[in-house]
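Undergrad: What follows is a predicted structure for the sequence shown.
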Amino acid sequence: MIIVYTTGPECIRCTMTKRLLTQKGVRFIEVDIRTNPTAREYVVDDLGYTQAPVVVVSDEDHWSGFRPDKVDALASRLGIVR
């Protein structure tokens, strides 16, 4: 399952990423790192990211920020055509 770590609705990049994933038909779970200290620790300490959103597809496939190119590539890999 794809997880999108966000910093809440005030985060424009988070909102844009979630909107694009939804438009592309990519299912995901949102985790707000402001209210989940374990998730925040994972994103910052384990993955090394300091900006949201952080999209985690797998242990080897993840990125941070608004990345339409990554979302398009993900949808293509998943065989989703919209």
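TA: Structure's in. What do you need?

Undergrad: need the contact list for residue 31.
TA: Shown in contact with residue 31 (Cβ atoms under 8 Å, 6 or more residues apart in numbering): 3-6, 39. No exception for glycine: its C-beta is placed from N, CA and C like everyone else's.

Undergrad: sec struct for it, please.
TA: Three-state assignment for residue 31 (DSSP: H, G, I helix; E, B strand; the rest coil): strand.

Undergrad: Kindly state the beta-bridge partners for it.
TA: Beta-bridge partners of residue 31, counted by DSSP bridges, are residue 5.

Undergrad: Kindly report the same for residue 54.
TA: Counting by DSSP bridges, residue 54 forms beta bridges with residue 5, residue 64.

Undergrad: Number of residues surrounding it?
TA: For residue 54, the neighbour count with other Cβ atoms under 10 Å is 26.

Undergrad: Over to the one 3 residues further on?
TA: For residue 57, the tally of surrounding residues (other Cβ under 10 Å) stands at 17.

Undergrad: separation between it and residue 35?
TA: To residue 35, residue 57 is 23 Å away according to Cβ to Cβ, to the nearest Å.

Undergrad: how about the CA coordinates for the biggest helix by length in the chain, as PDB?
TA: Longest helix of the chain, by residue count under DSSP state H: helix 12-24. The C-alpha coordinates for helix 12-24 follow below in PDB (Å, rounded to 0.1, in the frame of the first residue of the first chain):
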ATOM      1  CA  ILE A  12      -0.100  22.900  -0.500                       C
ATOM      2  CA  ARG A  13       2.400  20.300  -1.900                       C
ATOM      3  CA  CYS A  14       0.700  17.600   0.200                       C
ATOM      4  CA  THR A  15      -2.800  18.600  -1.100                       C
ATOM      5  CA  MET A  16      -1.500  18.700  -4.700                       C
ATOM      6  CA  THR A  17       0.100  15.300  -4.400                       C
ATOM      7  CA  LYS A  18      -2.900  13.700  -2.900                       C
ATOM      8  CA  ARG A  19      -5.200  15.300  -5.600                       C
ATOM      9  CA  LEU A  20      -2.900  14.100  -8.400                       C
ATOM     10  CA  LEU A  21      -2.700  10.600  -7.000                       C
ATOM     11  CA  THR A  22      -6.500  10.500  -6.700                       C
ATOM     12  CA  GLN A  23      -6.900  11.800 -10.300                       C
ATOM     13  CA  LYS A  24      -4.500   9.100 -11.600                       C
END
